[in-house]
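Colleague: show me the folded form of this:
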Amino acid sequence: MTRISELFAEGTTLSVEMWPPRNEVAEARLEAALAEIESVLAPAFYSITYGAGGSTRERTHDLVVRLRNEVDGTAMAHLVCAAHSRAELTEILGRYQAAGVENILALKGDPPLDAEESLRAGELAYAAELVELAKSVGDFCVAVAAHPEGHPSSPDLASDRRWLAAKLEAADFAITQFFFRSQDYFSLVEELAARGIDKPVLPGIMPITNPRTLAKMAEMSGSAIPEELARRIDEAAGEPGEVLRIGVEVATNLGNELLEGGAPGLHFYTMNASAATVAVCRNLGIAVG
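Modeller: Below you'll find the predicted structure:
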């Protein structure tokens, strides 16, 4: 198993986010995507999501451990503190440590809507506390989330940058939410550097494949959709093939700008599909198959 923080010293990384399936149809979709992504892209690491309040706790654990044992790339487990006690989080981290999983993405997360009021927030209020807990439990490589345009709950961009810098003082690297303007990413990196933080910040790219999914994800994450891009997607909404073509074009251009500007790698939000991500990586010349 490899600590992801060590991969950045070896060169530009390619990584993907997947999520554990909830039913047989979703499982078949995941398996098809994994097969193509592994053979064509051979990612440096896979990032596996964790449902609100731990709703996919066991499925996340099982998929992370499976990938750790079956693929050449490294597996990283998402973990959230919302709706969890400190003891629960310690137990989850201990299980990962016992299974040989060394990489964790520490998130505040969202509680499930039906969580008991007393547990909705969880014992740990912030991702920074989860970073500290993970480091105290074992020798984990811990990543945190970054928002180039600011977290939706942050009162302003300056506060967001201050809190992110504090998280990165203890964490090993960051992965950004998806965005569409490379300057937002480079501004984030520059502002962190001004605060003395030079740890890797991996930019996240989500190739557009579905207008409704785009709108929902953008609303949840606080990512702005540029006006011209929104217009193009809206005009193509009834033509899935055209939406995919635009999505691949936009993601390819963004990826080129990020790599040319010195980003340590590219992290793709795949939505458990492979076609768009594979197409973008082939355009960028970073596919292996």
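
Colleague: got the contact list for whichever strand or helix holds Glu58?
Modeller: Element membership for Glu58, per DSSP states H and E: helix 57-70. For helix 57-70, the surrounding residues in contact (CB atoms under 8 Å, 6 or more residues apart in numbering) are 1, 18, 20-22, 46, 48-51, 73-78, 92, 95-96, 99-101. In short, each C-beta sits where N, CA and C put it, glycine included.

Colleague: how far is the helix or strand where Val144 lies from where the chain is centred?
Modeller: Val144 is part of strand 141-146 when elements are defined by DSSP H and E. Relative to its chain's centre, strand 141-146 lies at 9 Å (CA atoms, centre = their mean, to the nearest Å).

Colleague: what are the pairing partners of that strand, and which direction each?
Modeller: Sheet partners assigned to strand 141-146 using DSSP bridges are listed as strand 103-107 (parallel), strand 173-178 (parallel).

Colleague: for it, which outside residues touch it?
Modeller: Outside strand 141-146, the residues within contact range by CB under 8 Å, 6+ apart are 3-6, 76, 102-107, 127-128, 131, 134-135, 164, 167-168, 170-177, 188, 201.

Colleague: what are the buried residues along that strand?
Modeller: Cys141, Val142, Ala143, Val144, Ala145, Ala146 (16 or more other CB atoms under 10 Å).

Colleague: tell me the one among the residues you listed nearest to Ala82.
Modeller: Ala145 (13.2 Å; CB to CB).

Colleague: inside strands: which ones of the contacts of helix 57-70?
Modeller: Met18, Tyr46, Ile48, Thr74, Ala75, Met76, Ala77, His78 (DSSP state E).

Colleague: I'd say the first one and Glu31 touch.
Modeller: Translated: Met18. No. Using CB atoms under 8 Å as the test, Met18 is too far from Glu31 to be in contact (10.7 Å).

Colleague: neighbour-wise, which of these two wins?
Modeller: The neighbour comparison of Met18 against Glu31 (other CB atoms under 10 Å) goes to Met18, with 24 against 12.

Colleague: what segments of this protein are strands?
Modeller: Using DSSP E, the strands found in the chain span residues 13-18, 45-48, 74-80, 103-107, 141-146, 173-178, 201-205, 265-269.

Colleague: model confidence score at Gly94, please.
Modeller: According to the prediction, Gly94 has pLDDT 97.

Colleague: these two touch, right, Ala166 and Glu129?
Modeller: No. Using CB under 8 Å, Ala166 is not in contact with Glu129, being 11.0 Å away.

Colleague: which of those two has more residues huddled nearby?
Modeller: Under the criterion of other CB under 10 Å, the comparison of Ala166 against Glu129 puts Glu129 first, with 19 against 16.

Colleague: do I have it right that the more buried one meets Cys81?
Modeller: Yes. Counting by CB under 8 Å, Glu129 does reach Cys81; the two are 6.8 Å apart.

Colleague: re the thing from before, mind putting the strands of the chain into TSV with distance to Gly255?
Modeller: Output for those, formatted as TSV (distance: least, CB to CB, whole Å):
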stretch	distance to Gly255
strand 13-18	10
strand 45-48	17
strand 74-80	21
strand 103-107	21
strand 141-146	18
strand 173-178	12
strand 201-205	6
strand 265-269	5
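
Colleague: distance to Ser159 and mean pLDDT for the ones you listed - can I get that in CSV?
Modeller: Listed next are the strands of the chain as CSV, based on distance: least, CB to CB, whole Å; pLDDT from 0 to 100:
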stretch, distance to Ser159, mean pLDDT
strand 13-18, 26, 98
strand 45-48, 26, 98
strand 74-80, 21, 96
strand 103-107, 18, 98
strand 141-146, 14, 98
strand 173-178, 16, 98
strand 201-205, 18, 98
strand 265-269, 25, 98
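
Colleague: Gly222: which of those strands is closest?
Modeller: Going by CB to CB, the one of those nearest Gly222 is strand 173-178, 7.4 Å.

Colleague: and that closest one with strand 201-205, angle?
Modeller: 20 degrees (axes from the mean of the first three to the mean of the last three CA atoms, to 10 degrees).

Colleague: what's the angle between strand 173-178 and strand 74-80?
Modeller: 70 degrees.

Colleague: who are the contact partners of the spatially closest residue to Leu124 that is not a sequence neighbour?
Modeller: Excluding the flanking residues, the one nearest Leu124 by CB to CB, 6 or more residues apart in numbering is Cys81, at 3.9 Å. Applying CB under 8 Å, 6+ apart, one finds that Cys81 lies in contact with 89, 106-109, 122-127, 129-130.
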